[in-house]
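Asks: structural data only, the sequence is not supplied:
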């Protein structure tokens, strides 16, 4: 029986693509100048990851170990190209923002990593769950990084969200700091490194707090057991 | 024979790899056919959208994409588009490419038949955010100050940024970007003056149809 809670926890938090595995940093730094871009890139990657995991886990018994890597790469590259064409054809405004970076998904080693480490040795259903969790984990990480950089760098949040999600989502577009003159470095690539660094610190801090609490909880039952004997 | 044994055989492996590549290629070919039309539509719409930014609505009533002409410019091959109103050519639009601070700046220049600028817009650029990106109309009205200018207003000698003794504003902290754009617009105007007989000659008569691709020079994706 597969432990889905464990899959979810791995993908979303403890084995998060960006904040724990430190993979996918190339597309992460390149696109996350705004929260909307991060969301778009995250969703595009999620789509590719889902497709790759599904196909690979379906045909996993037929693939010889000797040629598995080229097979995975061909499949992933095809999915990325398909995504690129579809966004270009049916979401042109978004393509103008993300277009150059869609191709970067193919060099996102995390996708090959999931194919190799998970989809090639698990059932279709488990691989779907895994890809969704990993993909959502990546998406929220990108939105967080993009959001931090956007608020500090340009004083807005989710600018141009209507290009990605359609006009009904225009309400997401918030000007956090009106008449903000901008903090250039956060929009430029170094800002990506700075934002990722601080978010990593935050995640480690939360993890450590959680560990300490668990240790305290683990020691408390002891003291409670002793009490009745007084 | 069982699968585990077969997987070890070289013939099986080569065949499998070949099969995977064949299937994925077929998929891509189908997807390419399927998305080609919408992609060209999107490009054409984008082009029309750009045209409508450099040309006021009352200046033309034709679809510029159907009125494209080719000419050899001193800097290379150029595709230009004629705007006409009730059959009379009112303006010419063509792409220009300035060398900015951080690479090429793709722009669209529209010049009216009388030599006045109808409008200029920057389409694609990589200038520094917060400094050079004031050339985008969404961030700063600077680029709109060119509307109505010509080689007589100001005179060619004043077609420069103020720092160089010219008439046009530069931005605080960014001189290279506006300087490049002013120079490029001046070049477009000089080219128009020299070649206006050709540029204003109808590329086709009303009612005539010629096949024109929607692939625009200077507006394609750079990678």
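Replies: Arrived safely, thanks for sending. Worth saying up front: this structure is predicted, and the values here are computed from it rather than measured.
Asks: going by C-alpha atoms from here, please, whenever you check contacts or count neighbours.
Replies: Noted.
Asks: who touches stretch A:199-210?
Replies: Residues from elsewhere that reach stretch A:199-210 (Cα atoms under 8 Å, 6 or more residues apart in numbering or on different chains): A:19, A:145.
Asks: what comes up buried for that stretch?
Replies: A:199-200 (16 or more other Cα atoms under 10 Å in any protein chain shown).
Asks: I'd like the average pLDDT over it.
Replies: Average pLDDT, stretch A:199-210: 91.
Asks: pull the longest helix from chain B.
Replies: helix B:10-54 (DSSP state H).
Asks: show me what that one is packed against.
Replies: The contact analysis (3 or more Cα pairs under 8 Å, 6 or more residues apart in numbering or on different chains; DSSP states H and E) places helix B:10-54 against helix A:68-90, strand B:103-112, strand B:117-124.
Asks: quick one: closest of these to residue A:191.
Replies: Closest of the helices and strands packed on helix B:10-54 to residue A:191 is strand B:103-112, at 21.5 Å (criterion: Cα to Cα).
Asks: next one: that closest one to chain centre, how far?
Replies: Remark: strand B:103-112 is offset 7 Å from the chain centroid, using Cα atoms, centre = their mean, to the nearest Å.
Asks: check stretch A:146-154 too.
Replies: With Cα atoms, centre = their mean, you get 18 Å for stretch A:146-154.
Asks: and stretch B:164-177, by the same measure?
Replies: With Cα atoms, centre = their mean, you get 24 Å for stretch B:164-177.
Asks: likewise for stretch A:192-210?
Replies: 15 Å.
Asks: and stretch A:165-184, average pLDDT?
Replies: 78.
Asks: using neighbour counts, pick out the buried residues of that stretch.
Replies: Using 16+ other Cα under 10 Å as the test for burial, stretch A:165-184 gives A:165, A:170, A:174, A:182-184.
Asks: OK, contacts around the residue nearest the centre of chain A?
Replies: Residue closest to the average C-alpha location in chain A (Cα atoms, centre = their mean): residue A:138, at 0.5 Å. Counting by Cα under 8 Å, 6+ apart, residue A:138 touches A:12, A:16-18, A:42, A:46.
Asks: next step: those restricted to helices.
Replies: Those of these lying in helices (DSSP H): A:42, A:46.
Asks: point out where chain A drops to low pLDDT.
Replies: A:1, A:221-230 (pLDDT under 70).
Asks: distance of the closest residue to chain A within chain B from residue A:41?
Replies: In chain B, the residue that lies nearest chain A is residue B:39 (4.4 Å; Cα to the nearest Cα). Remark: distance between residue B:39 and residue A:41 (Cα to Cα, to the nearest Å) = 20 Å.
Asks: now residue A:162
Replies: For residue A:162, the distance to residue A:41 - Cα to Cα - is 15 Å.
Asks: more crowded one of those two?
Replies: Neighbour count, other Cα atoms under 10 Å in any protein chain shown: between residue A:162 and residue A:41, residue A:41 has more, with 26 against 18.
Asks: show me which residues of chain B sit near chain A.
Replies: B:3, B:7-8, B:13, B:16-17, B:20-21, B:24-25, B:28, B:31-32, B:35-36, B:38-39, B:42, B:129-130, B:223 (Cα under 8 Å from any Cα of the partner chain).
Asks: can you turn the buried part of those residues into a PyMOL selection?
Replies: PyMOL command restricting these to the buried ones, with burial defined by 16+ other Cα under 10 Å:
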select buried, chain B and resi 7+13+16+17+20+21+24+28+31+32+35+38+39+42+130
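Asks: count the neighbours of residue 33 for me.
Replies: Chain wasn't specified; assuming chain A. 27.
Asks: other chain: chain B
Replies: Neighbours of residue B:33 under the rule other Cα under 10 Å: 10.
Asks: tell me who's in contact with it.
Replies: Contacts of residue B:33 (Cα under 8 Å, 6+ apart): none.
Asks: let's verify residue A:37: helix, strand, or coil?
Replies: helix (DSSP: H, G, I helix; E, B strand; the rest coil).
Asks: show me where chain B dips below the pLDDT cut-off.
Replies: B:1, B:205-223.
Asks: tell me where the longest strand sits in it.
Replies: strand B:88-100 (DSSP state E).
Asks: on that earlier part again, against residue A:93, how distant is the residue of chain B closest to chain A?
Replies: With Cα to Cα as the criterion, residue B:39 and residue A:93 are 12 Å apart.
Asks: burial measure for residue B:73, as a count.
Replies: Counted with other Cα under 10 Å, residue B:73 comes out at 12.
Asks: quick revisit: so which of the contacts of residue A:138 comes closest to chain B?
Replies: Closest to chain B, out of all of those and judged by Cα to the nearest Cα, is residue A:46, at 19.8 Å.
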